[in-house]
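>>> sequence unknown, structure follows:
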């Protein structure tokens, strides 16, 4: 059976609304999407790290409860599990403050088993961090050698925009590893200073990766694939929280790749109809997660969605 392997940060998100704490939930860019995939009964492994503390125990137990393998989670004794404060504005979009205390030795885990047509997910600053880069490249090289589908979401926050030039070589290397690049219009504005995703594709992405998906909030989704250009509308909703929306869009795309049996060799010539079905899965999951304070789809939604499939 095909499986999904993700690498990224785990963190406890404490969510504030009107300057008051409203919820505390395990999170992390790749983590959020993998939890949703686990709830959709997809075999999932996560490469990450946690402190040997109560927050780490809480997150690890949550992973187990949601069908994520913890075999490749490094529990470090020195340092503490990271925490973020997420402040929701009037439109329920979040800004973040992070608290981290990592040890010097990190990601001390073996390479997971990866087979042809598995899906390897990476992204955010975790995939750019110079401290972790050598280890990250080992995982990326291994996944590519095994002919997995490499899925990259830069998730490049405004807080790192002043580092974009310095990080550009690593970003471009990540694009080159990827079989699919997905990001928001805001990500690429922060990276390249361009809001026009057509120009971002032609000027910066296409040379490295031919398949490019951009999300634009209420303005929908764009697909760039060679000379193909497609737009997909998003449903009109009033979000409770947008935390995890992009992460769960990723989960939906990955679920769609599995559901429609898209394999590594199929990506170069995927029909428009198949892309439309896959992107619909992404929109479905992103829409669902925006209607709660959770960072992932609910178990009830997952059960219902599986029945529809």
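That came in fine, so what should we check first? Just so it is clear, the model here is predicted, and its values are computed rather than measured. Numbering: from 1, shown residues only.
>>> For residue 130, see how far away residue 167 is.
Here residue 167 is placed at a distance of 9 Å from residue 130 (CB to CB, to the nearest Å). Placement of C-beta: from N, CA and C, glycine included.
>>> brain fart, residue 154
When residue 154 is compared with residue 130 (using CB to CB), they lie 16 Å apart.
>>> Can you pick out the residue with more neighbours from those two?
Taking neighbours as other CB atoms under 10 Å, residue 154 and residue 130 compare with residue 154 leading, 26 against 9.
>>> That one and residue 219, how far apart?
Residue 154 sits 19 Å away from residue 219, taking CB to CB as the criterion.
>>> do residue 58 as well
Shown here: residue 58 relative to residue 219, a distance of 37 Å by CB to CB.
>>> Looking at those two, which is more packed in?
Each of residue 58 and residue 219 has its neighbours counted (other CB under 10 Å); residue 58 has more, 15 against 11.
>>> pretty sure that one is in contact with residue 26, am I right?
Yes - applying CB atoms under 8 Å as the test, residue 58 and residue 26 come out as touching, 7.1 Å apart.
>>> any residues in contact with both of the two?
Counting by CB atoms under 8 Å, 6 or more residues apart in numbering, the common neighbours of residue 58 and residue 26 are residue 12.
>>> Show the contacting residues for the residue nearest to residue 204 when sequence neighbours are not counted.
In space, residue 204 comes closest to residue 192 once its chain neighbours are excluded; the distance is 5.8 Å by CB to CB, 6 or more residues apart in numbering. For residue 192, the residues meeting the contact criterion (CB under 8 Å, 6+ apart) are 164, 200, 203, 204.
>>> So in the protein, where's the weakest helix or strand by average pLDDT?
Sorting the helices and strands of the chain by mean pLDDT, DSSP states H and E puts strand 94-101 at the bottom, at a mean of 88.
>>> elements contacting the helix or strand following that strand?
For strand 94-101, the succeeding helix or strand toward the C-terminus, using DSSP states H and E, is strand 119-123. Contact here means 3 or more CB pairs under 8 Å, 6 or more residues apart in numbering; DSSP states H and E; on that basis strand 119-123 packs against strand 4-7, helix 29-39, helix 133-145, strand 149-153, helix 245-259.
>>> What helices and strands are in contact with the third one?
What it means is helix 133-145. strand 4-7, strand 119-123, strand 149-153, helix 164-177.
>>> Specify the stretch among those that is closest to residue 104.
Ranking the helices and strands packed on helix 133-145 by their distance to residue 104 (criterion: CB to CB) puts strand 4-7 first, at 19.3 Å.
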